[in-house]
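Enquirer: Sequence below, structure please.
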Amino acid sequence: MNFNDYQQKSRATAKYPAIGHAVIYPTLGLVNEAGEVAGKIKKVFRDKDGQINAETREALKAELGDVLWYIAQVATELDLPLDEIAEANIAKLLDRQARGKIQGDGDNR
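Expert: As a prediction, this is how the structure comes out:
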C-alpha cells in the first residue's frame, strides 16, 4: 500500500468532532498517540531491561498505526498528499546527507 492509498482509505474512518478548525482534533490525537508510543518504549527500559519482545513489538506496531492514521488526517485537513510529504522529506534528508549536515539542529541546515 502506498501513502496516498492509505490516506484515502483511512479517511473513510475519520469521524471526529469539529472543534474550531478541522485540523485541531487530529493534531491533538497525533500528539496523544505519539505519547503512547513513547510511554511503551519508556516501560521497556523501566520494566524489561530494554528488551523488546514480540508482544511489545506488536503493541508498538498498533500504536504506530494510530500515529500514521492521525498523520494522514492532519495531512488531509491541510490538503497535503502523504506521498508528497514523504517525497519532500526524503529529498530534504538526502540533501542534508550530501552536504554533511544530517546531524545538528534546526530545519535550515
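
Enquirer: per-residue pLDDT, G100?
Expert: Looking at G100, its pLDDT is 89.

Enquirer: I meant to write A18 there.
Expert: Predicted confidence (pLDDT) for A18: 80.

Enquirer: give me every residue that touches it.
Expert: A18 is in contact with Y25, counting by Cβ atoms under 8 Å, 6 or more residues apart in numbering. Glycine gets a C-beta too; all of them are placed from N, C-alpha and C.

Enquirer: Mind checking what secondary structure it has?
Expert: Following DSSP: H, G, I helix; E, B strand; the rest coil, we place A18 in the coil state.

Enquirer: Return the distance of T76 relative to D95.
Expert: Using Cβ to Cβ, to the nearest Å, T76 is found at 27 Å from D95.

Enquirer: Tell me which of those two has more neighbours.
Expert: In this view T76 and D95 are compared by other Cβ atoms under 10 Å, and T76 has more residues nearby, 19 against 12.

Enquirer: Who are the packing partners of the helix or strand containing that one?
Expert: Per DSSP states H and E, T76 falls inside helix 54-77. Helices and strands touching helix 54-77, by 3 or more Cβ pairs under 8 Å, 6 or more residues apart in numbering; DSSP states H and E, are helix 3-11, helix 24-47, helix 82-98.
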